[in-house]
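Trainee: structure for this input, please:
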Amino acid sequence: MHPDKCREFRKSEEHGSRSKSHIIRIACGSGGGILLIVSIFIFAWHKRKKRKQTRDLKDLMHSSSSMQSYSKDLELGGSPHIFTYEELEEATAGFSASRELGDGGFGTVYKGKLRDGRVVAVKRLYKNNYRRVEQFLNEVDILSRLLHQNLVILYGCTSRSSRDLLLVYEYIPNGTVADHLHGPRAGERGLTWPVRMTIAIETAEALAYLHAVEIIHRDVKTNNILLDNNFHVKVADFGLSRLFPLEVTHVSTVPQGTPGYVDPVYHQCYKLTDKSDVYSFGVVLIELISSKPAVDMSRSHSDINLANMALNRIQNHEVDQLVDPEIGYETDSETKRMVDLVAELAFQCLQMDRDSRPPIKEVVEVLNCIKNGECPAEKMNKNASPKEDSHLLKDNLQYSPDSVIHRFHSQSTNHSVASNSSG
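Mentor: All right, here's what the predicted structure looks like:
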């Protein structure tokens, strides 16, 4: 090749190489810029989503009108405070019997005072309970992530390596609903009908919150509904709670709960759904109407179980025989209207067929409608009255196994305990 042409070829080749290198640098720079922009966009989107979840959770805590916007994955995050065993031993005066508030299936509860002056309820789980660690970890995990104005607050716990497993709750000073309905404080007559209506609504709202975040309470009863000094509700005892995924329709597990409140279907087949809580809440509604305990061995055989008594009375149009005469059913027409409608709602909650029971969020809506003087039928999937639904039970009334006398005779003599007493 001619020398001049060789030089021209090399120059051309060098120029081409520089151009390619320049293009590569431009492409890399552009790619990096695009990647940076995408990263910023993803980060901003994630931050916005987290802020939205936080707002949704706050709305959920403070507004009963947000029923339809419950998010299924709302969690507060954060972990409970870790107390030392010695700190709580000091707070309860060495777990003195004089500080004992009560006991339940999983432990004893003591009143305590922390070094910072806070009065608390300390739950000490039983040493001989083979499931104590599992229950402890379950309760801590759940309560540390939930916040609702009608749920007890978990302040903290001891570490899992502590000599005893202890939970520290806010102290609720005014006893339980059971105390005031048919327990040691019933004589105070503090639960007027308007107060009972508020208790029903606030309890249902707390359960609706739990169900919205995929938690079944499993032990809804008046002993687990605590009252503050203004008679506002604090639902307690999540030791029996279980998380359940949305795609699972039931959770098979060991039967637990309290006689008189347990969903009969659950008790028979050991399958648990959120409708089990609805059944238990139906019993609570009947207690609020009647001031009678869920199980009473002194009643006639067919009426030992309050749920069975209520189903019989309501379907036979004998609500007046069920109602506590002290709440004004016979003397105030507005009270009578509300009590009759609450009895109808309770009748729906107590149906043997789980699919016939309303979801708890509908129960909240109906209770608010009753309180506000609106027609609840518009808020119910089933508009039938007890009269129209009486055929469900008329010919073959099914009794809960809880009414079997010999099984629960030993448990029937003590139906209410002190504030924060559940195990």
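
Trainee: going by C-alpha atoms from here, please, whenever you check contacts or count neighbours.
Mentor: OK.

Trainee: quick check, T84 in contact with R160.
Mentor: No. Applying C-alpha atoms under 8 Å, one finds T84 not in contact with R160, separated by 10.8 Å.

Trainee: got the buried residues for stretch 268-287?
Mentor: 270-287 (16 or more other C-alpha atoms under 10 Å).

Trainee: just the CA trace of that stretch, in CSV.
Mentor: The C-alpha coordinates for stretch 268-287 follow below in CSV (Å, rounded to 0.1, in the frame of the first residue of the first chain):
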residue,chain,number,x,y,z
GLN,A,268,-67.3,-29.1,67.6
CYS,A,269,-64.9,-29.1,64.7
TYR,A,270,-61.9,-26.9,66.0
LYS,A,271,-62.1,-24.6,63.0
LEU,A,272,-61.8,-20.9,63.8
THR,A,273,-62.8,-17.9,61.7
ASP,A,274,-63.6,-14.3,62.4
LYS,A,275,-67.2,-15.2,62.7
SER,A,276,-66.3,-17.0,65.9
ASP,A,277,-65.6,-13.6,67.4
VAL,A,278,-68.9,-12.4,66.0
TYR,A,279,-70.7,-15.2,67.9
SER,A,280,-68.9,-14.3,71.1
PHE,A,281,-69.8,-10.7,70.6
GLY,A,282,-73.4,-11.7,70.2
VAL,A,283,-73.3,-13.1,73.7
VAL,A,284,-71.8,-9.8,75.0
LEU,A,285,-74.7,-8.0,73.4
ILE,A,286,-77.2,-10.2,75.3
GLU,A,287,-75.3,-9.6,78.5
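
Trainee: how much space separates E205 from L367?
Mentor: 10 Å (C-alpha to C-alpha, to the nearest Å).

Trainee: over to H182?
Mentor: For H182, the distance to L367 - C-alpha to C-alpha - is 23 Å.

Trainee: again, but for G282
Mentor: Distance, G282 to L367, by C-alpha to C-alpha: 12 Å.

Trainee: what sits closest to V262 if chain neighbours are left out?
Mentor: S280 (6.2 Å; C-alpha to C-alpha, 6 or more residues apart in numbering).

Trainee: can you tell me the helix or strand for that neighbour?
Mentor: Using DSSP states H and E, S280 sits in helix 274-290.

Trainee: ranges for the strands of the stretch 151-300 of the chain?
Mentor: Remark: strands assigned in the stretch 151-300 of the chain by DSSP state E, counting those that start in this stretch are 154-158, 166-170, 215-216, 225-227, 233-235, 242-243, 251-252, 271-272.

Trainee: any idea how many residues pack against E362?
Mentor: 18 (other C-alpha atoms under 10 Å).

Trainee: now do the SS call for it.
Mentor: helix (DSSP: H, G, I helix; E, B strand; the rest coil).

Trainee: now do it, the pLDDT please.
Mentor: pLDDT, E362: 97.

Trainee: how much space separates it from K275?
Mentor: 12 Å.

Trainee: show me the shaky parts of this protein.
Mentor: 1-79, 104-106, 127-139, 143, 238-256, 375-423 (pLDDT under 70).

Trainee: surely R124 is within a strand?
Mentor: Yes. Assignment of R124 by three-state DSSP places it within a strand.

Trainee: could you find the closest non-adjacent residue to it?
Mentor: R124's closest residue in space is L166 (C-alpha to C-alpha, 6+ apart), at 4.7 Å.

Trainee: what's around the one you found, how many residues?
Mentor: That count, for L166 with other C-alpha under 10 Å as the rule, works out to 27.

Trainee: begin at 14, not 1, for the rest of this chat.
Mentor: Sure thing, new numbering starts at 14, so read that last one as L179.

Trainee: so it makes contact with Y139?
Mentor: No. Counting by C-alpha under 8 Å, L179 sits too far from Y139 to count as a contact (9.8 Å).

Trainee: buried stuff in stretch 208-219?
Mentor: 209-219.

Trainee: and for it, what are the contacting residues?
Mentor: Here stretch 208-219 makes contact (C-alpha atoms under 8 Å, 6 or more residues apart in numbering) with 77, 161, 163-164, 238, 244-248, 294, 298, 301, 373-374, 376-377, 380-381, 384.

Trainee: can you rerun that using 7 Å?
Mentor: 77, 163-164, 245-246, 248, 298, 301, 373, 377, 380 (C-alpha atoms under 7 Å, 6 or more residues apart in numbering).

Trainee: closest one of those to F360?
Mentor: In terms of C-alpha to C-alpha, no member of the contacts of stretch 208-219 lies closer to F360 than L298, at 9.5 Å.

Trainee: that closest one against E357, yeah?
Mentor: No. Assessed by C-alpha atoms under 7 Å, L298 is found out of contact with E357, at 10.2 Å.

Trainee: okay, now the domains of this protein?
Mentor: Here the domain parsing of the chain from automatic domain parsing is 94-183, 190-424.

Trainee: neighbours of G386, how many?
Mentor: Neighbours of G386 (other C-alpha under 10 Å): 12.

Trainee: could you do T97 as well?
Mentor: With other C-alpha under 10 Å as criterion, T97 counts 14.

Trainee: got the contact list for it?
Mentor: T171.

Trainee: phi, psi of it?
Mentor: phi -90, psi 150 (degrees, to the nearest 10).

Trainee: ok, H330 next?
Mentor: phi 60, psi 40.

Trainee: repeat that for V122.
Mentor: Per degrees, to the nearest 10, the backbone of V122 is at phi -110, psi 130.
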